[in-house]
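>>> Next one to model:
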Amino acid sequence: MIAYLNGKITHKNPAFLYVECSGVGYQVNISLQTYEALEKLNEVKIFTYQHIYENGQVLYGFFSEEEKAMFIHLISVSGVGPNTARVILSYLNLDDLKSAIINGNVKALSSVKGIGAKTAQRIIIDLKEKVIKDYDDVSVVKSGSVNNTMKDEALSALMALGFPKVTVEKHINTILTKNSAITQVEDLIKEVLKMV
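I've put the predicted structure just below:
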C-alpha cells in the first residue's frame with residue numbers, strides 16, 4: 001500500500017495530478033479541496049489511498065491526513081465508492097462535511113451530485129459517532145450549522161442574480177475561511193460581489 005508520495009508535480013488539473021518520484025510518474029486522483037491547496041505548488045507530499053479493484057488500481061491523493069481519514073470513513077459507507085467520496089470532498093470542505101454529519105443535515109449532503117436522501121442518511125447514521133470521536137474542535141461544529149444556513153441563503157441570492165453556482169460557491173468558501181467574523185448574509189453577499 002502506498003501511504004504517500006513526495007515529489008515534483010509535473011502536471012495538475014482539478015481532477016488529477018502527476019507526481020514524479022525517483023523518475024517514476026504517478027497519476028493521483030484528487031478532490032477540488034486538494035487541488036486548491038496545492039494549486040501554486042511545484043513539489044508536494046501527498047497522502048494517498050490505493051484503491052485496487054478487479055480491472056486495475058487507482059491512487060487517490062489528499063493534501064492533508066485529515067482529508068484522507070474522511071475519505072476512508074466515507075468509502076466505508078455502503079453505496080459510497082471512491083469516486084463518490086471524492087465528489088463529496090470536492091463539494092463540501094472538511095468543516096462543513098463534519099458539521100453536516102454531526103448535525104444530521106441531510107439537505108447539505110444530498111445537495112452533492114449523485115447523493116440522494118437515502119445515501120445521505122446512511123452517511124450520517126454510519127459516520128456520526130466516528131466523526132464526533134475524531135472531532136476535537138466543538139466550536140466549529142456548533143458554528144457550522146449557522147455557516148451552512150448563511151451559505152445556502154447567500155448562494156441562492158447570488159444565483160438568482162445570475163452568477164454561476166460553482167464560481168459563487170468557491171468565493172463563498174474562500175471568504176468564510178479567511179474571515180470567520182462574517183455572520184450576516186448581506187455582508188457575505190457584498191464580499192462575494194467584490195470578487196465576481
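>>> what's the following helix or strand after the helix or strand bottoming out on mean pLDDT in the chain?
Here the helix or strand of the chain ranked lowest by mean pLDDT, DSSP states H and E is helix 138-160, holding a mean of 68. Using DSSP states H and E, the next helix or strand after helix 138-160 towards the C-terminus is helix 165-178.
>>> Does anything pack onto that next one? Which helices or strands?
Contacts defined by 3 or more C-beta pairs under 8 Å, 6 or more residues apart in numbering; DSSP states H and E place helix 165-178 against helix 138-160, helix 185-195. Quick note: C-beta positions are derived from backbone N, CA and C, even for glycine.
>>> The closest residue to residue 112 other than its chain neighbours: neighbour count?
Counting by C-beta to C-beta, 6 or more residues apart in numbering, residue 91 is the residue found nearest to residue 112 once chain neighbours are left out, at 4.5 Å. Look at residue 91: counted by other C-beta atoms under 10 Å, it has 21 neighbours.
>>> residue contacts, residue 91?
Residues near residue 91 by C-beta atoms under 8 Å, 6 or more residues apart in numbering: 32, 111, 112, 113.
>>> Next one, pLDDT for the first one please.
In other words, residue 32. If you check residue 32, the pLDDT there is 92.
>>> what do you get for the third one?
We have a pLDDT of 88 for residue 112.
>>> Please identify the helix or strand for it.
Counting by DSSP H and E, no helix or strand carries residue 112.
>>> show me what contacts the residue of the chain most remote from its centre?
For the chain, the largest distance from the centre (C-alpha atoms, centre = their mean) belongs to residue 23, which lies 30.4 Å off. By C-beta under 8 Å, 6+ apart, no residues touch residue 23.
>>> Low-confidence bits of the chain, can you list those?
135-148 (pLDDT under 70).
>>> Next, give phi and psi for the residue positioned nearest the centre of the chain.
Per C-alpha atoms, centre = their mean, the C-alpha nearest to the average position across the chain is that of residue 89, at 2.6 Å. Backbone torsions of residue 89, given as degrees, to the nearest 10, read phi -70, psi -20.
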